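J.: fold the stuff below for me.
(2 chains)
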Amino acid sequence: MTAPANFKFLSRQRRVREDRRFVAGKGRYIADINRPDALHVALVHSPHPAAKIVSIDADAALALPGVHYVLTGADLAKAVEPMMNGLDTPHVRRFPLAVGQARYAGEWVAAVVADTRALAEDAAELVNVDYEPLPFVIDGEEAYTPQSAPVHAEHGSNILLDRTFVWGEVEKHFSESEHHLSFRVTWGRNSTVPIETFGVLAAWDPWGETLDVWASIQMPKYADQIARAMRLPGNAVRVHYDVDVGGSYGVKRGIKHTVLVGHLSRLLNRPIRLIEDRLENMRAGDAHGPDRIFDVEVAFNSDGIVRSMKMRALDNAGAYAGRAPFQLGKPIGAIVGPYKIASVQYRAISVTSNKAAQEAVRGFGQAPTNYAIETMMDRVAAHLGLDRIELRRRNFIRADEFPYLIPSGTKYDSGDYHTVVDKVLAHVGYEALIAERDALRARGMLAGIGVAACLEPSGGNSSFEPLLNDKNTTTTWMEACRINVDALGAIAATIHTTSSGQGHETLTSTVIGETLGLDPETIRIVRPDSLASLPGNSPVGSRMAIMLGGAAHLAANKLIDKCKAIGALQFGCAVEDVEYAAGAVSHAASGRKLAWAELVNIAHRNFHLLPEGAQPGLEASHVYQVPTAGDLPTTDGRIQMYPCHSFEFHVVLTAIDPITGKVDLKRYVIGHDCGVVINPHIVKGMTLGGIAHGLGATLMEEFAYDDQGQMMSQTFMDYLLPSSHEVPQVEIVHHCTPSPLTVFGQKGSGESGYLGSPAAISGAINDAVAPFGVRFEKLPIRMTKISDAVAAARSGKA
Amino acid sequence: MKVELTINGATHVADVEARTTLLDCLRDKLGLTGAHAGCEHGVCGACTILVDGEPARSCLMFAAQADGYEITTIEGLAPAPGELSVVQDAFCETHGMQCGYCTPAMILTAHSLLSRNPSPTREDIVEAISGNVCRCTGYGQIIEAVELAARRLAGSNAAEDAR
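T.: Next up is the predicted model:
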């Protein structure tokens, strides 16, 4: 492994190559891709949270000129398979349109196909659906009770998952500990809500028997899922990966949209296009995030050492299952955070309800879990009268204890938490910060300091699949890269997925340039379609720096080996005596050298000069297995989840207007250690963006439902996104603890900031309102909640 | 109905319905796809274009209403094919974006700010871009880009210009 200081391109402040097309307005997003003969889809939505679909009358819609077809769920279900469930829940069947019964307000009941989107919307209003309302359930705890109305009657209850893991001697540690406390916190339902909605264009070719798909997608095994649902061989689905995705952060998983338009295209022999409008995206895009209640019990001693934790997490998955319940599984890989907690009992419960379906969100369940763990550390500190940072320091895993095995079976790769905290505190001037808080309080403001320390598991594996589903035996989550050197010596390398702002073209070209010692700017990055692609799993789970970076580096190493073999034959020496540097090979003893152009010429034109057994041309591929992956879970539910663990430490100072409750983040500092950084601009952006996203989840964003089962925040007038006014200027303190498991020592950073900012900001608010005896235990903490609670506390005191 | 629009200095004629928004007209009729639909109810700002130099939501404006105004879209900023304006280049320098979806609108807003106020404070920039929502960046590198562009336009940053 090269030391960071010796990198030529890696870790340097180099531009992000994707940016050039974006600033010119030349990104190629799904809405920019069209076919002149395409037809357009609009949806008919259920107004009821649960209702039997008695009949659908589409005559008036079909009578409108330019309307081609109206599809119902009953017809669709005859032609396609149900979509994939992560858990073994075969009776929770999900189709793109409601079949027989609508299960949430907004669910798609019928699809209208017309010459234009506007016409399709007009016609959708003319579809007359006769419903028979059914009992429904919105609240997660209520859904968990046996008497609640089952969302899927065939499944028998609303419980998708209810499993208790015990890792270590939990009861013994609880009985030995001097103190116990328990609490409940709730993570409200929000999501990443990209500014670009989901969209897809599908075109069936009846002569070639292939389905071409362009989509704003970020989804593992997307092509496979389309093929399975449409009863096609995998090689009949061609997903085009050269589509820029306008933000995703996990949620762009429009499989139901894709199966719907794929089916319509096959049925009508026309390209079919569906671009969600914002209303569809919010209420029926099936892209809401975790909606989770945590009940935590913690056992600790007077010195602040936390011995054991019992956590019950109940997640409201909404009307269908999908992959969402796995979001209770991924956090098992960092269930003790950065702390040496000796044993854990974890009960993971996922229930269906008559809310919109949940999908993967940045962190895949880790951000809510970190919020619960960090609230726990604050509570323990408060109980003992200890400083919150000192308490954390006493419980941190020490730098000399890595690799560190946590009770649930994951070995943390590396870290130096104490040093990161020291650096942050030195940067902040912690005493001065406390003085500033107290000065604000003296001026009549509510003021508080929040801290959070947490991990970002990275290198996305899918170990939670076999852990939570006995029928699933997945032990790889590979990623791949192919490098091709043409006969003129120019390099093109491949990415086998779409990207949604992560800068994968920059990542890949930088890694290959660094490895080959050639200018990354000269390396072209291309995206073959899915039929021409090597296996991969898309940019989920904070994995691409590790996985695509690893694949690109190892493919480049294979190219170097080929160059060396050519050199060895020319120089008449052993391969081991050939040096490769910056595109040339040389032999120190003889002083002979072959330049890049000569190597390329031999490889492409001089078969007679190639080593025996060598293939002509100059190309290499590598399919990279996740470091540490490959084992199934143990019978007591232990598994290595993700390989690498980035660390972040947040310190926030907030001032809150005591009358309006408006939260002002006066100072925001984050210490961040994601190992070796490949592109500093990208990592910085991820961290700042993640903090802003966490700020939204903490203070503003919620898919709120009323007691009639209707979603109240369906537009950006009600679902509030942080603007430049709300997001503070953030100071980043860097630290680098390389991972021993990755090719350059890199770790993931795609979820950074987001994983700790909700805990830090809510901690700061709770510190600010503590003098009033107020405590907020549910996110989001909107300004009205703060002003009401403070006013109530003050009038109570008066 | 036919509308005659002045966009990036050139005259365009388009056949639209009365209900066609300026955004849909630009994208679907004129092939100017740099303006993006985000919310289509005037909150997110991804569809921002300049109307007589001032930022405006093209999703809240009918194409017919744009008749008689000077419209500037992102396609009008680059000085030549393959080249970038100072503001566009500054966004590349600081990586003031990730997915790029809000970027054209953000750059037009910044362009408008700098043409009115060549030396904005951080607060001025925050205020100017507060109607453009970015979900990726947390705004930090966008603000840095606008600050850098202002410095470069003022000619006070010879070292960075020379790179």
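J.: surely residue A:500 meets residue A:250?
T.: No. Between residue A:500 and residue A:250 there is no contact, the gap being 9.3 Å when judged by CB atoms under 8 Å. Bear in mind the C-beta positions are built from the backbone N, C-alpha and C, glycine included.
J.: now for the two: what residues contact both?
T.: Common neighbours of residue A:500 and residue A:250 (criterion: CB atoms under 8 Å, 6 or more residues apart in numbering or on different chains): residue A:218.
J.: more neighbours, the two?
T.: residue A:500 (29 against 25; other CB atoms under 10 Å in any protein chain shown).
J.: residue contacts, the more buried one?
T.: Applying CB under 8 Å, 6+ apart to residue A:500 gives the contacts A:194, A:218, A:244, A:245, A:246, A:247, A:248, A:249, A:252, A:539, B:99.
J.: pLDDT and secondary structure added to those, as a markdown table?
T.: Shown next, in a markdown table, are the contacts of residue A:500 (pLDDT from 0 to 100; DSSP: H, G, I helix; E, B strand; the rest coil):
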| residue | pLDDT | secondary structure |
| --- | --- | --- |
| A:194 | 98 | coil |
| A:218 | 97 | coil |
| A:244 | 98 | strand |
| A:245 | 98 | coil |
| A:246 | 98 | coil |
| A:247 | 98 | coil |
| A:248 | 97 | coil |
| A:249 | 97 | coil |
| A:252 | 97 | coil |
| A:539 | 95 | coil |
| B:99 | 98 | coil |
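J.: looking at the residues you listed, which is nearest residue A:312?
T.: Nearest to residue A:312 out of the contacts of residue A:500 is residue A:249 (CB to CB; 27.1 Å).
J.: count the neighbours of residue A:240 for me.
T.: 18.
J.: any idea of the pLDDT on it?
T.: Per-residue pLDDT puts residue A:240 at 98.
J.: next: residue A:511.
T.: On the pLDDT scale, residue A:511 is placed at 98.
J.: list the contacts of residue B:109.
T.: By CB under 8 Å, 6+ apart, the residues touching residue B:109 are B:45, B:48, B:55, B:128, B:129, B:131, B:132.
J.: swap the cut-off to 10 Å and go again
T.: Contact partners of residue B:109, counting by CB atoms under 10 Å, 6 or more residues apart in numbering or on different chains, are B:45, B:48, B:50, B:54-55, B:87, B:102, B:125, B:128-132, B:142, B:146.
J.: over to residue A:201?
T.: Counting by CB under 10 Å, 6+ apart, residue A:201 makes contact with A:30-31, A:33-35, A:38, A:40, A:212-216, A:240, A:243, A:258, A:261, A:265, A:271-275.
J.: that one - that's part of a helix, no?
T.: No. With DSSP: H, G, I helix; E, B strand; the rest coil as the criterion, residue A:201 is located in strand rather than a helix.
J.: roughly how far apart are it and residue B:31?
T.: 17 Å (CB to CB, to the nearest Å).
J.: could you do residue A:169 as well?
T.: Residue A:169 is 68 Å from residue B:31, by CB to CB.
J.: residue A:730 now?
T.: With CB to CB as the criterion, residue A:730 and residue B:31 are 39 Å apart.
J.: the two - which one has more neighbours?
T.: Neighbours were counted for residue A:730 and for residue B:31 using other CB under 10 Å; residue A:730 has more, 22 against 10.
J.: check contacts around the closest residue to chain A within chain B.
T.: Residue of chain B nearest chain A, by CB to the nearest CB: residue B:34 (2.4 Å). Residue B:34 makes contact with A:22-27, A:32, B:26-27, B:49, B:73-77, B:103-105, B:107-108, according to CB under 10 Å, 6+ apart.
J.: quick one: secondary structure of residue A:166?
T.: Under three-state DSSP, residue A:166 falls in the strand class.
J.: which strand or helix spans the residue nearest to residue A:290 when sequence neighbours are not counted?
T.: Residue nearest to residue A:290 in three dimensions, not counting chain neighbours: residue A:368, with 5.1 Å by CB to CB, 6 or more residues apart in numbering or on different chains. If you go by DSSP states H and E, residue A:368 is part of helix A:366-384.
J.: packing partners of that helix?
T.: strand A:179-187, strand A:292-300, strand A:306-318, helix A:388-395, strand A:446-458, helix A:680-699, helix A:757-769 (3 or more CB pairs under 10 Å, 6 or more residues apart in numbering or on different chains; DSSP states H and E).
J.: just the strands from the stretch 501-650 of chain A, written as ranges.
T.: Under the criterion DSSP state E, counting those that start in this stretch, strands of the stretch 501-650 of chain A are mapped to A:523-526, A:578-581, A:584-587, A:592-594, A:618-624, A:644-656.
J.: would you mind measuring from residue B:88 to residue A:678?
T.: 24 Å.
J.: do the same with residue A:120
T.: As judged by CB to CB, residue A:120 and residue A:678 stand 44 Å apart.
J.: likewise for residue A:566?
T.: 29 Å.
J.: same check on residue A:71?
T.: Counting by CB to CB - residue A:71 and residue A:678 are separated by 46 Å.
J.: same thing with residue A:219?
T.: Separation of residue A:219 from residue A:678 (CB to CB): 24 Å.
J.: and for residue A:730?
T.: 21 Å.
J.: also residue A:371?
T.: Taking CB to CB, one finds residue A:371 at 29 Å from residue A:678.
J.: and what of residue A:293?
T.: To residue A:678, residue A:293 is 38 Å away according to CB to CB.
J.: more neighbours: those two, which one.
T.: Between residue A:293 and residue A:678, counted using other CB under 10 Å, residue A:678 has the larger neighbour count: 28 against 21.
J.: give me the subset of the contacts of residue A:201 touching chain B.
T.: Counting by CB under 10 Å from any CB of the partner chain, A:31, A:33, A:34, A:216, A:275 from these sit close to chain B.
J.: which single one of those is nearest to chain B?
T.: Closest approach to chain B among those (CB to the nearest CB): residue A:31, at 6.6 Å.
J.: which parts of chain B are helices?
T.: Assigned helices in chain B, in chain order: B:22-24, B:86-94, B:103-116, B:122-129, B:140-153, B:158-161 (criterion: DSSP state H).
J.: pull out the buried positions in the fourth one.
T.: Going by neighbour count (16 or more other CB atoms under 10 Å in any protein chain shown), the buried part of helix B:122-129 is B:125, B:126, B:128, B:129.
J.: need those residues in a markdown table with distance to residue A:363 and pLDDT, can you?
T.: Shown next, in a markdown table, are those (distance: CB to CB, whole Å; pLDDT from 0 to 100):
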| residue | distance to residue A:363 | pLDDT |
| --- | --- | --- |
| B:125 | 30 | 98 |
| B:126 | 27 | 98 |
| B:128 | 32 | 98 |
| B:129 | 27 | 98 |
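J.: any idea how far residue A:331 lies from residue A:439?
T.: 38 Å.
J.: so the two - more neighbours on which side?
T.: residue A:331 (29 against 11).
J.: list the contacts of residue A:127.
T.: A:42-44, A:56-62, A:70, A:72, A:109-112.
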